[in-house]
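Colleague: Structure, please.
(one chain, ligands or ions: 1)
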Amino acid sequence: KILILDFGSQVTQLIARRVREAHVYCEIHPNDVSDAFVREFAPKAIILSGSHASTYEAEDLRAPQAVWDLGVPVLGICYGMQTMAAQLGGAVEGGKTREFGYAEVRAHGHTKLLAGIQDFATAEGHGMLKVWMSHGDKVTALPPGFKLMASTPSCPIAGMADEARGYYAVQFHPEVTHTVQGRALLERFVLQIAGARPDWVMRDHVEEAVARIREQVGDEEVILGLSGGVDSSVAAALIHRAIGEQLTCVFVDHGLLRLNEGDMVMDMFAGKLHARVIRVDASELFLRELAGVADPEAKRKIIGRLFVDVFKAEAAKLKAGTGGHKGASFLAQGTIYPDVIESGGAKTKKATTIKSHHNVGGLPEQLGLKLLEPLRDLFKDEVRELGVALGLPHEMVYRHPFPGPGLGVRILGEVKKEYADLLRRADAIFIEELRNFRDEASGKTWYDLTSQAFTVFLPVKSVGVMGDGRTYDYVVALRAVQTSDFMTADWAELPYALLKKVSGRIINEVRGINRVTYDVSSKPPATIEWE
Ligand code: XMP
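Modeller: Purely as a prediction, here's the structure:
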């Protein structure tokens, strides 16, 4: 396995993703772990990430000495390159000019890392790479034993290597997709230079994960909050595979789910997998408490609080034990690796809350239950692969994300049952047609070509005409976006034929809606959801 030391860059997670995509297991840990930790981890190789800080000033942001004592290959990226230079006897200086964005880097000589990797050649025959740069400081003198590996006019030492020791460093970011050969470069480092075996595959991981759950749980019982989302569904399927009847899933139906969603969840888990699932129909409670509340944040808080209350009441019953069950002692959660990194890495934490996402942190302590988190080492795409390996249907595992407060934030202003019912039917039509329409060039459906798509209910009425009569009905907006990280997003350029079909069907089939609009706002400045 590979150790990635995080110096606080916002893209450290991407390094781990690229390494995992090469089917090599890796973990991210803070840069200030102890020497003993590094030795015990016994990495095949170490990657030093970038940082916000400047090496030049930050004396405390160094790699542990063990990194250099272990005798394994090390790759420094951006700040990681600078600290490598500083710690091994080179020199780093604060740059007068910051370099940020696209750059073309010349690859020098033949290092194992860059040999034969290029995007184009200059007229003189120099191999060039198209890369992404983001730095102020730069290395100004190579440490002893190193040779120059890459350069740009403004950054004469943009890459360096000491091949005898297996040390490589680049000033640019191979982990971001803007660096065209970045993936190839990281893959080469972990597979060829470090000699790691590409044996991290989900099929094998199932057996390993099942064994680990059995060992951790023994003959005790487990409660899991099932939401129908990808993470909790995969966690449920995995734990059920491991311990069967010892697992009880609690599915809180807040009445703000998509059309037939509750039934589909029950059908899959209780029906097909024969898992023990308790469905709590709390829709009336939620609607009652939401009556008269129009403010989005107030609605989120109410939904989050009620959700926790209902779940806690159910969990308390299960903890006490019911009908043939002795009582649960574990609470399982579908926490995934990005959640773990985010809550641990205060360094990279976003400062402002644009929207408060409801979370259930602290629940295990309050309930006096031990925590079981079988997905905490996995990225989202790995969770999906695992779901498929466990036999969950493709549509469930590759579903667009759905916010915890559900339709509660897709009905603008006050939530009413009448609105939710209209919205559910309109949204189901939109999603059905997205799955029906294929893009000819790629052969993919528009559902798969968009990252998130949904319908928003606008509680305003507009005039229409239907047959001989005038109508005065509600309006919905369709929203479809493409994004890789949900921090920024572009509205999707859906084919007109698809929009036409959807609007025609909604207006004809959903009595009460007589106008359909398409949202053409990008994020930022708009957000993906309307509330
Ligand atoms: P925005 O609207 O902020 O959404 O651009 C970004 C992503 O977050 C989801 N989202 C939520 N998820 N609880 C959630 O669990 C929430 O309150 C919430 N608000 C937004 C949104 O669906 C999108 O994927």
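Colleague: Run through the strands of the stretch 1-150 of the chain in chain order.
Modeller: With DSSP state E, counting those that start in this stretch, the ranges of strands along the stretch 1-150 of the chain come out as 2-6, 26-30, 45-48, 74-77, 91-93, 99-107, 120-121, 127-135, 138-141, 147-152.
Colleague: To the ligand, which of those lies closest?
Modeller: Taking CB to the nearest ligand atom as the measure, those were each checked against the ligand, and strand 26-30 came out nearest at 22.7 Å. Heads up, the C-betas are built off the backbone N, CA and C, glycines and all.
Colleague: got the contact list for the residue most central in space within the chain?
Modeller: With distances taken as CA atoms, centre = their mean, residue 380 lies nearest the centre of the chain, 5.2 Å away. The neighbourhood of residue 380, defined by CB atoms under 8 Å, 6 or more residues apart in numbering, consists of 230, 336, 338.
Colleague: could the residues you listed go into JSON lines alongside distance to residue 107, secondary structure and pLDDT?
Modeller: Compiled in JSON lines, these are given as follows (distance: CB to CB, whole Å; DSSP: H, G, I helix; E, B strand; the rest coil; pLDDT from 0 to 100):
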{"residue": "230", "distance to residue 107": "40", "secondary structure": "helix", "pLDDT": "94"}
{"residue": "336", "distance to residue 107": "36", "secondary structure": "coil", "pLDDT": "89"}
{"residue": "338", "distance to residue 107": "32", "secondary structure": "helix", "pLDDT": "80"}
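Colleague: Compare those residues and tell me which has the most neighbours.
Modeller: Neighbour counts for those were taken using other CB atoms under 10 Å; the highest belongs to residue 230, which has 23 neighbours.
Colleague: got the contact list for that residue?
Modeller: 380, 383-384, 387, 396-397, 399, 401.
Colleague: Kindly report the same for residue 17.
Modeller: 175, 379, 381.
Colleague: Look at the last one and tell me its secondary structure.
Modeller: Put plainly, it is residue 381. Taking DSSP: H, G, I helix; E, B strand; the rest coil as the rule, one finds residue 381 in the helix state.
Colleague: sorry, back to before: among the contacts of residue 17, who's most crowded?
Modeller: Ranked by the number of neighbours (other CB under 10 Å), the contacts of residue 17 place residue 175 first, at 27 neighbours.
Colleague: Figure out how far the helix or strand that contains residue 502 is from the centre of its chain.
Modeller: Of the helices and strands defined by DSSP states H and E, residue 502 is found in helix 496-509. Relative to the chain's own centre, helix 496-509 is displaced by 32 Å; criterion: CA atoms, centre = their mean, to the nearest Å.
Colleague: if we can go back for a sec, if you look at the contacts of residue 230, which of them are in helices?
Modeller: 380, 383-384, 387, 396-397 (DSSP state H).
Colleague: same for the helix holding residue 502, what does it pack against?
Modeller: Secondary structure elements in contact with helix 496-509, counted by 3 or more CB pairs under 8 Å, 6 or more residues apart in numbering; DSSP states H and E, are helix 417-436, strand 469-482, strand 513-518.
Colleague: For residue 503, give me its contacts.
Modeller: For residue 503, the set of contacting residues under the criterion of CB under 8 Å, 6+ apart consists of residue 516.
Colleague: Tell me the confidence at it?
Modeller: Predicted confidence (pLDDT) at residue 503: the value is 98.
Colleague: distance of it from residue 2?
Modeller: Remark: distance between residue 503 and residue 2 (CB to CB, to the nearest Å) = 50 Å.
Colleague: Could you do residue 500 as well?
Modeller: Summarising the geometry, the distance separating residue 500 from residue 2, computed by CB to CB, is 50 Å.
Colleague: Comparing the two, which residue is more hemmed in?
Modeller: Neighbours were counted for residue 500 and for residue 2 using other CB under 10 Å; residue 2 has more, 27 against 12.
Colleague: Give the closest residue to that one in space, chain neighbours not counted.
Modeller: With CB to CB, 6 or more residues apart in numbering as the criterion, residue 2 has its nearest non-adjacent residue at 3.9 Å, and that residue is residue 26.
Colleague: surely that neighbour meets residue 16?
Modeller: Yes - under the criterion of CB atoms under 8 Å, residue 26 makes contact with residue 16 at 5.3 Å.
Colleague: what sits in contact with each of the two?
Modeller: Shared contacts of residue 26 and residue 16, defined by CB under 8 Å, 6+ apart, comprise residue 4.
Colleague: Give me the neighbour count for the closest residue to the ligand within the stretch 151-300 of the chain.
Modeller: The nearest approach of the stretch 151-300 of the chain to the ligand comes at residue 300, 5.1 Å away (CB to the nearest ligand atom). The number of residues packed near residue 300 is 20, by other CB under 10 Å.
Colleague: what about it, helix or strand, and which?
Modeller: In this structure, residue 300 sits in helix 296-320 according to DSSP H and E.
Colleague: What helices and strands are in contact with the helix or strand just after that helix?
Modeller: Following the chain from helix 296-320 toward its C-terminal end, the next helix or strand by DSSP H and E is strand 328-332. Under the contact definition 3+ CB pairs under 8 Å, 6+ apart, strand 328-332 sits against strand 221-225, helix 230-243, helix 296-320, helix 363-367, strand 370-372.
Colleague: Could you dump the strands of the stretch 1-150 of the chain into JSON lines with mean pLDDT and distance to residue 307 added?
Modeller: What follows is those, written out as JSON lines (pLDDT from 0 to 100; distance: least, CB to CB, whole Å):
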{"stretch": "strand 2-6", "mean pLDDT": "96", "distance to residue 307": "33"}
{"stretch": "strand 26-30", "mean pLDDT": "93", "distance to residue 307": "31"}
{"stretch": "strand 45-48", "mean pLDDT": "98", "distance to residue 307": "39"}
{"stretch": "strand 74-77", "mean pLDDT": "98", "distance to residue 307": "41"}
{"stretch": "strand 91-93", "mean pLDDT": "92", "distance to residue 307": "50"}
{"stretch": "strand 99-107", "mean pLDDT": "90", "distance to residue 307": "42"}
{"stretch": "strand 120-121", "mean pLDDT": "94", "distance to residue 307": "54"}
{"stretch": "strand 127-135", "mean pLDDT": "92", "distance to residue 307": "40"}
{"stretch": "strand 138-141", "mean pLDDT": "94", "distance to residue 307": "50"}
{"stretch": "strand 147-152", "mean pLDDT": "96", "distance to residue 307": "52"}
